[in-house]
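*Asks:* below is the sequence, then the predicted model.
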Amino acid sequence: MAVSRIDFALDEIRTAGATRYLAGRLARARLEALTRTADLSLRFTPDAASFVYAVYADGNRNGVRSEDIDRGVDRRTSTDERLRDQFPSVDFGAVPGLPAVDASSEPPGADPIRLGAGNMATFTTNGTATPGSLYIRGPRNLQYVIRILGTTGKTRILKFDARNRVWKPL
């Protein structure tokens, strides 16, 4: 019984750590956008059963756009990363039947990256960002979400309490 609790605690630590790590990457992009005086985006691209993400910088002062990335105008400033490569058994995803984080949003369903059609979290030089949510799922149906607040560019982490079926701030 003690081994089961230790395993659960390790899963919890790993999942929370992955969530905090990604929130830190978002905060770093926000800060770099302010100091570089160029918009920066974390772009999430489907890759097999998950997503790969990297940071891109606006190269022509019109915001980071997929077509500009494809043309090489908006350049990648980081290497590709996969959450599951750094945090085994943790990845983008949502527990089936997961409720919406709040009344103004929709449940994630099968789409754990809720940032609009471009799947980019863009941070501007004036401190704003693309609003949205990134759902992170760990073993044993552990569930977290990172909410990006558009007006400030700041992030907020919440954990899903499966027993009470509510989201709680971390």
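*Replies:* Thanks, I have the structure now. Numbering: from 1, shown residues only.
*Asks:* below-threshold pLDDT in this structure: ranges please.
*Replies:* 1-4 (pLDDT under 70).
*Asks:* show me where it has its strands.
*Replies:* Taking DSSP state E as the test, the strands found in the chain are 40-47, 50-57, 75-76, 91-92, 113-114, 120-123, 132-137, 143-148, 155-161, 166-169.
*Asks:* other SSEs contacting the fourth one?
*Replies:* Contacts of strand 91-92 with other secondary structure elements, assessed using 3 or more Cβ pairs under 8 Å, 6 or more residues apart in numbering; DSSP states H and E, are made with strand 50-57, helix 83-86, strand 132-137. In this view, the C-beta of every residue, glycine as well, is placed from N, C-alpha and C.
*Asks:* and the second one, by the same measure?
*Replies:* Contacts defined by 3+ Cβ pairs under 8 Å, 6+ apart place strand 50-57 against helix 2-36, strand 40-47, strand 75-76, helix 83-86, strand 91-92.
*Asks:* ok, back up a step: out of the helices and strands packed on strand 91-92, which is closest to A103?
*Replies:* Nearest to A103, of all the helices and strands packed on strand 91-92, is strand 132-137, at 13.8 Å by Cβ to Cβ.
*Asks:* check contacts around the closest residue to D91 other than its chain neighbours.
*Replies:* The shortest distance from D91 to any non-neighbouring residue, by Cβ to Cβ, 6 or more residues apart in numbering, is to R84 (4.3 Å). The neighbours of R84, taking Cβ atoms under 8 Å, 6 or more residues apart in numbering as the test, are S50, V90, D91.
*Asks:* would you turn those into JSON lines with neighbour count?
*Replies:* Converted to JSON lines, these look like this (neighbours: other Cβ atoms under 10 Å):
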{"residue": "S50", "neighbour count": "16"}
{"residue": "V90", "neighbour count": "24"}
{"residue": "D91", "neighbour count": "20"}
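*Asks:* quick one: which of those is nearest Y56?
*Replies:* S50 (19.2 Å).
*Asks:* R84 versus L142, what's the distance?
*Replies:* According to Cβ to Cβ, to the nearest Å, L142 stands 14 Å off from R84.
*Asks:* center of the chain - which residue?
*Replies:* Note on the chain: the residue nearest the mean C-alpha position is L134, at 3.8 Å, using Cα atoms, centre = their mean.
*Asks:* partner residues bridging it?
*Replies:* Under DSSP bridges, the beta-bridge partners of L134 are I113, I146.
*Asks:* that one and N164: what is the separation?
*Replies:* From L134 to N164 the distance is 23 Å (Cβ to Cβ).
*Asks:* just R140 next, same as before
*Replies:* 17 Å.
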